[in-house]
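K.L.:
Pasting a predicted model and its sequence here:
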Amino acid sequence: MSRPPQFVEALLALPIPALALFVIAFWGLIALAVHRLLVPWITRHKAEAFGKFEAEVAAQLGIVLGLLLSFNAVTVWEQSTAARDATMAEASALRDIADLLPEIAPLQRDKVRTALQVYLAYVVHTEWPSLGNRPAGISRPAALRALAQLARASGEEELRDAVAAAIKARDDRIRIASARMLPARWTIVMVLGALTLLSVGLVHAEYRRARAVALAMLSFAIASCFVVLMAQARPFLGALAIQPTELVTLHDELDAPAVAH
């Protein structure tokens, strides 16, 4: 899948106040252009005639815009939920591996513990920070392959199942981090938003002040929807990015006995 432009990545990574300011300013400029340029140019000093522009047109465009925003919202929510589920599943599987350590033969126990620590350190410090911009490949890191080999060699079925569950959860996490919403879906919503602003501007072509108020309110509403969607469009990027809190906790717990010793 092709990567989006770099400025999009930078925009989605902004803190929410900065993101909101940019998006509101963007739609405010469109509303201003509609108010000051497009409506006067289209009406050409015949605002009375365009003042009878059917409000039903604006209403229909608004309905279509709302539906498409809802479709995009469903995709964003589902992706965010799936990312959180995959993260929790991975943390749970790795926690199961740690809980099974006392049941492993002493000769294998230290090897499994070390492999688990190395893998956790890799995920937390190397893989996770890159999920937002440069998702890791689906190929498994050396630490995870070593952990899988040790699980097979141990003869412990529960350990093999826990490692397999961790591998599957990681695959799901990487797949979700690599997913991008099609640019066409964002583009068509933006086009419909601009058309809705224009239609509302034409409805109020006769009354400049009413037109300004209506366009300001509608542009703010559209911008608010975009801020909410963009803030959560990428589960592992931005101010609301999912963090590996459980993995960090597990890594610290595994390190604790060695430090105490």
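P.N.:
Looks like it came in fine. Since we're looking at a predicted model, the values are computed, not measured.
K.L.:
send the alpha carbons of stretch 205-223 over as PDB?
P.N.:
Extracted as PDB, the C-alpha positions of stretch 205-223 are listed here (Å, rounded to 0.1, in the frame of the first residue of the first chain):
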ATOM      1  CA  ALA A 205     -27.000  34.900  -1.100                       C
ATOM      2  CA  GLU A 206     -29.300  37.900  -0.300                       C
ATOM      3  CA  TYR A 207     -28.200  38.400   3.200                       C
ATOM      4  CA  ARG A 208     -24.500  38.800   3.700                       C
ATOM      5  CA  ARG A 209     -24.500  38.700   7.600                       C
ATOM      6  CA  ALA A 210     -26.700  35.600   7.700                       C
ATOM      7  CA  ARG A 211     -24.500  34.000   5.100                       C
ATOM      8  CA  ALA A 212     -21.400  34.700   7.200                       C
ATOM      9  CA  VAL A 213     -23.000  33.300  10.300                       C
ATOM     10  CA  ALA A 214     -24.300  30.200   8.600                       C
ATOM     11  CA  LEU A 215     -21.000  29.400   6.900                       C
ATOM     12  CA  ALA A 216     -19.000  30.000  10.100                       C
ATOM     13  CA  MET A 217     -21.300  27.600  12.000                       C
ATOM     14  CA  LEU A 218     -21.300  24.900   9.300                       C
ATOM     15  CA  SER A 219     -17.500  25.100   8.700                       C
ATOM     16  CA  PHE A 220     -16.800  24.700  12.400                       C
ATOM     17  CA  ALA A 221     -19.100  21.700  12.600                       C
ATOM     18  CA  ILE A 222     -17.400  20.000   9.600                       C
ATOM     19  CA  ALA A 223     -14.000  20.800  11.100                       C
END
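K.L.:
Now do the buried residues in it.
P.N.:
Ala205, Arg211, Ala212, Ala214, Leu215, Leu218, Ser219, Ile222, Ala223 (16 or more other C-beta atoms under 10 Å). (C-beta placed from N, C-alpha, C; glycine too.)
K.L.:
Could you provide those in CSV, with additional columns for secondary structure, distance to Leu100 and pLDDT?
P.N.:
Putting the buried residues of stretch 205-223 into CSV (DSSP: H, G, I helix; E, B strand; the rest coil; distance: C-beta to C-beta, whole Å; pLDDT from 0 to 100) gives the following:
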residue, secondary structure, distance to Leu100, pLDDT
Ala205, coil, 72, 80
Arg211, helix, 68, 90
Ala212, helix, 67, 94
Ala214, helix, 64, 94
Leu215, helix, 62, 96
Leu218, helix, 58, 95
Ser219, helix, 57, 96
Ile222, helix, 52, 96
Ala223, helix, 51, 97
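K.L.:
would TSV of those with distance to Ser199 be doable?
P.N.:
Below are the buried residues of stretch 205-223 laid out as TSV (distance: C-beta to C-beta, whole Å):
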residue	distance to Ser199
Ala205	11
Arg211	12
Ala212	16
Ala214	11
Leu215	11
Leu218	10
Ser219	13
Ile222	13
Ala223	18
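K.L.:
Would you mind measuring from Val57 to Ser199?
P.N.:
5 Å (C-beta to C-beta, to the nearest Å).
K.L.:
What of Asp172?
P.N.:
43 Å.
K.L.:
Check Ala25 too.
P.N.:
From Ala25 to Ser199 the distance is 22 Å (C-beta to C-beta).
K.L.:
Pick out whichever of the two has more residues nearby.
P.N.:
Legend: neighbour count by other C-beta atoms under 10 Å for Ala25 and Ser199, higher for Ser199 (21 against 10).
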